[in-house]
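Engineer: Quick one: sequence and predicted model below, then my questions.
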Amino acid sequence: MTSPAITSAKPPGAAKFASRFDRFQVSLLVVAVLLTCGALAYGGFLLTVMQLAMIYAIFCIGLNFFMGYTGQASFGQNAFACIGGYGSAILCVQYGWDPLPALIASMVVAGLFALVIGYPTLRLRGHYLAMATFSLGLITYDISIHWTSVTQGYMGYAGIPPLGIGSFTIESEHWKLVALAVLVAFGFWLSLRMRDSRFGRGLRAISGSENGAAALGVRVSRYKLIAFVIAALYASAAGSLFAYTIGFISPEVFGPQMAVMTFTMLFVGGVGTIVGPIIGAIVTSLLQEVVRGSGHFQDIAYAVVLLVTLIYAPKGLSALGTLFRRKKGEA
Amino acid sequence: MATDTTHLIAVRDLAASYGHIEALRPTSLHVAPGEFVTILGPNGAGKTTLLRAITRLIPSKGQISFNGRDVTGLKTHDLAELGIIMVMEGRGLFGEMSVRENLQLGAYKLSGTPADMDRRLDKVFTLFPRLKERVDQMASSMSGGEQQMLAVGRALMAEPKLLILDEPSLGLAPRVATEILSTLGALNKEGLGILLVEQKAPLALKLAQRVYILSSGSVRAELPTHEIKSHHDLARYYFS
């Protein structure tokens, strides 16, 4: 008779945890928590940097769903962040909505937009899909500049209220970071649940082999579209949270620079890994401040980091533990 | 198309092209319930194209019926749902997933309790005990033979009515290839319909009841395997 511990459809608890996280990844998460605590303790500019890192972490968790788990290329997720940011700003500033309903309404619009755009676009594959999504981001950026009657062009929107529910608003910068960290944790938990679900296994099968997945009954087109919409929802939420945290948005915030930056974050952290989006967002946000002194060379610094990561740690920082173990095994 | 109730699958005038190149000329074949049919032919004969056309992995013309139902317009995932499962050339495994996850994906379209999943896993582990030893190992880290066992095991998890295999012995040591093909023979004896493309003709002919010989994109011969007495017979059909 076979041992249930071996043949069970679900791995036992410890094995399940170990199959998700290795010690190195747990250590990275602990460092991320300590950095957040440090930012809360010391305040100042580090607080703002960590707030932005949390917002980008939410964006990257969604992007990882589409690029990491499903194995598709998208360079246009900034379009959905733009919808989220402007949606929240317009609803709150122009129409006096509360931040939370505005965030949810913007997510719904971004999701519907992703559904309509994704249906024809996701028939493309590889670099064709990458180019199509990149142009989507460019179009949205252009609209945010030129549709001044709605977006106020380069002037942008100021006076966006902070996140809150009803009369309760989060005014303190410290509590803003706490709220963002809680939202990152929630987004992370949700993505983990989806990744390990039947649906998530289907997505990862598509990433492995589209034909192989279809041959097992996975509805490839539908699943890719759903993953695209999920990524758009996360991006939209990140755009809204940016607006509520900083209180101001302009077209530059959601421009091509955002696509480059989030792509860098995802690859530095580890595309397709569980903790990669969070680690990548924090490391790259901190790095941004380190290289800020280089002025116009900031983009070059990003590119160098990306290149070095791709060469020496192709699966990102969060997969370094596996890389070290493999090297040790070979030695 | 008239419904065909005597065959598990019946393919009529199936044709496929890659651009202007006609890789498969109008071809007809069938597999009866519980039958083991093999397709032989030289390299470039169109064997893989035929299997990919049947499972709709490539666009094709022609008609297909399965279990008496016209399934011509269905997509690959619909055919999988009906019970037509293919083990692709190159195995099509998900290398970054564990053996367990790969096997679970095999049963992707099946409903049931965790106990049902365990039962299916147990059946596969009985056929391929090595998979049980490597249940939490990444698929990409296994040997070629083990990967092929996993590919077949994953297909069996779907509880197929027709198992289609594209050169499962490719690149394997003769002993491992024999082990895998023998397992297919045993499964056929239990009533599983099998359509096999195979280069190792002697072994395939020993297991199959009927053979199609494909050359230059069309069927050159269809005959019961017992009528092929020697390599000379086979060569005659190949080059006729």
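Structural biologist: Sure thing, it's come through. This is a predicted model, so every value here is computed, not measured. Residues are numbered from 1 along each chain as shown, chains lettered A, B, ... in the order given.
Engineer: Report the next helix or strand after the longest helix anywhere in chain A in sequence order.
Structural biologist: If you go by DSSP state H, chain A has its longest helix at helix A:220-246. As assigned by DSSP states H and E, the chain's next helix or strand after helix A:220-246 is strand A:248-249.
Engineer: Paired strands for that following strand, with orientation please.
Structural biologist: Looking at strand A:248-249 with DSSP bridges, its partner strands are strand A:157-158 (antiparallel).
Engineer: Show me the contact partners of the partner strand.
Structural biologist: A:86, A:89-90, A:93, A:151, A:243, A:247-250 (Cβ atoms under 8 Å, 6 or more residues apart in numbering or on different chains). Using the backbone N, CA and C atoms, a C-beta is placed for each residue, glycine as well.
Engineer: Pretty sure residue A:272 sits in a strand.
Structural biologist: No - counting by DSSP: H, G, I helix; E, B strand; the rest coil, residue A:272 is not part of a strand but coil.
Engineer: May I ask which helix or strand of chain A has the lowest mean pLDDT?
Structural biologist: helix A:4-7 (a mean of 44; mean pLDDT, DSSP states H and E).
Engineer: just to revisit the earlier point, among the contacts of strand A:157-158, show me the least confident.
Structural biologist: Lowest in pLDDT among the contacts of strand A:157-158 is residue A:151, which has 91.
Engineer: Next, it: phi, psi?
Structural biologist: phi -100, psi -10 (degrees, to the nearest 10).
Engineer: Same question for residue B:36.
Structural biologist: phi -110, psi 110.
Engineer: That one and residue A:119, how far apart?
Structural biologist: 42 Å (Cβ to Cβ, to the nearest Å).
Engineer: Neighbour count for the two, which is higher?
Structural biologist: Neighbours were counted for residue B:36 and for residue A:119 using other Cβ atoms under 10 Å in any protein chain shown; residue B:36 has more, 24 against 12.
Engineer: Could you pull out the helices in the stretch 101-250 of chain A for me?
Structural biologist: A:126-146, A:148-151, A:173-195, A:198-208, A:210-215, A:220-246 (DSSP state H, counting those that start in this stretch).
Engineer: If you count contacts, what does the second one end up packed against?
Structural biologist: Counting contacts by 3 or more Cβ pairs under 8 Å, 6 or more residues apart in numbering or on different chains; DSSP states H and E, helix A:148-151 is packed against helix A:126-146.
Engineer: who touches the helix it packs on?
Structural biologist: With Cβ under 8 Å, 6+ apart, helix A:126-146 has contacts from A:72-79, A:82-83, A:86, A:117, A:121-122, A:124, A:151, A:153-154, A:251, A:254-256, A:258-259.
Engineer: Next: stretch B:56-72.
Structural biologist: With Cβ under 8 Å, 6+ apart, stretch B:56-72 has contacts from A:211, A:214-215, B:1, B:3-5, B:7-16, B:24, B:26-27, B:49, B:52-54, B:74-76, B:78-79, B:82-84, B:86, B:161-162.
Engineer: Also stretch A:182-202?
Structural biologist: In contact with stretch A:182-202 (Cβ under 8 Å, 6+ apart) are residues A:20, A:54, A:57-58, A:61-62, A:64-65, A:69, A:203-204, A:213, A:218-219, A:223, A:226, A:230, A:234, A:237, A:241, A:274, A:278, B:97, B:101, B:104-105, B:108.
Engineer: Give the buried residues for it.
Structural biologist: Buried residues in stretch A:182-202, counted by 16 or more other Cβ atoms under 10 Å in any protein chain shown: A:183-184, A:187-188, A:191-192, A:194-196, A:199-202.
Engineer: Of those residues, just say which sits nearest to residue B:132.
Structural biologist: residue A:201 (20.1 Å; Cβ to Cβ).
Engineer: I'd like the distance between the closest one and residue A:63.
Structural biologist: Distance from residue A:201 to residue A:63, by Cβ to Cβ: 20 Å.
Engineer: same thing with residue A:156?
Structural biologist: On the measure of Cβ to Cβ, residue A:156 and residue A:63 end up 24 Å apart.
Engineer: Check residue A:202 too.
Structural biologist: As for residue A:202, its distance to residue A:63 is 19 Å (criterion: Cβ to Cβ).
Engineer: How about the contacts made by the closest residue to residue B:159 other than its chain neighbours?
Structural biologist: Closest residue in space to residue B:159, ignoring its immediate chain neighbours: residue B:110 at 6.4 Å, by Cβ to Cβ, 6 or more residues apart in numbering or on different chains. By Cβ under 8 Å, 6+ apart, residue B:110 lies in contact with B:116, B:120, B:158-159.
Engineer: Adding neighbour count, pLDDT and distance to residue A:138, write those out as a markdown table.
Structural biologist: Formatted as a markdown table, those follow (neighbours: other Cβ atoms under 10 Å in any protein chain shown; pLDDT from 0 to 100; distance: Cβ to Cβ, whole Å):
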| residue | neighbour count | pLDDT | distance to residue A:138 |
| --- | --- | --- | --- |
| B:116 | 14 | 86 | 49 |
| B:120 | 23 | 92 | 48 |
| B:158 | 23 | 93 | 43 |
| B:159 | 17 | 93 | 48 |
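Engineer: and those residues as TSV, adding secondary structure?
Structural biologist: Formatted as TSV, the contacts of residue B:110 follow (three-state DSSP):
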residue	secondary structure
B:116	helix
B:120	helix
B:158	coil
B:159	coil
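Engineer: Which two among the residues you listed are spaced furthest apart?
Structural biologist: B:116 and B:158, at 12.7 Å, using Cβ to Cβ across those.
Engineer: what's around the closest residue to residue B:169 other than its chain neighbours, how many residues?
Structural biologist: Distances taken as Cβ to Cβ, 6+ apart place residue B:177 nearest to residue B:169, at 3.5 Å, with adjacent residues excluded. Residues near residue B:177, counting by other Cβ under 10 Å, number 21.
Engineer: Could you check the pLDDT of residue B:177?
Structural biologist: At residue B:177, pLDDT is 88.
Engineer: Residue B:132 now?
Structural biologist: At residue B:132, pLDDT is 93.
Engineer: Just to be sure, it is in a helix?
Structural biologist: Yes - Residue B:132: assigned to a helix according to three-state DSSP.
Engineer: Tell me how many other residues crowd it.
Structural biologist: Other residues close to residue B:132 by other Cβ under 10 Å number 18.
Engineer: Check residue B:209 too.
Structural biologist: By other Cβ under 10 Å, neighbour count at residue B:209 equals 16.
Engineer: hang on, isn't it packed against residue B:225?
Structural biologist: Yes - between residue B:209 and residue B:225 there is a contact at 6.3 Å, judged by Cβ atoms under 8 Å.
Engineer: Go ahead and produce CSV holding the CA coordinates of the strand or helix carrying residue B:185.
Structural biologist: If you go by DSSP H and E, residue B:185 is part of helix B:174-189. Taking Å, rounded to 0.1, in the frame of the first residue of the first chain, the C-alpha atoms of helix B:174-189 are listed here in CSV:
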residue,chain,number,x,y,z
PRO,B,174,16.4,0.7,-25.5
ARG,B,175,15.6,-0.8,-22.1
VAL,B,176,13.7,2.3,-21.0
ALA,B,177,11.9,2.5,-24.3
THR,B,178,10.9,-1.1,-24.1
GLU,B,179,9.6,-0.6,-20.5
ILE,B,180,7.5,2.4,-21.6
LEU,B,181,6.1,0.7,-24.7
SER,B,182,5.3,-2.5,-22.7
THR,B,183,3.3,-0.4,-20.2
LEU,B,184,1.3,0.9,-23.2
GLY,B,185,0.7,-2.6,-24.3
ALA,B,186,-0.6,-3.5,-20.8
LEU,B,187,-2.9,-0.5,-20.8
ASN,B,188,-4.3,-1.5,-24.1
LYS,B,189,-5.1,-4.9,-22.8
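Engineer: what helices or strands is that helix leaning on?
Structural biologist: Using 3+ Cβ pairs under 8 Å, 6+ apart: helix B:174-189 touches strand B:36-40, helix B:114-127, helix B:144-157, strand B:162-166, strand B:193-197, helix B:201-207.
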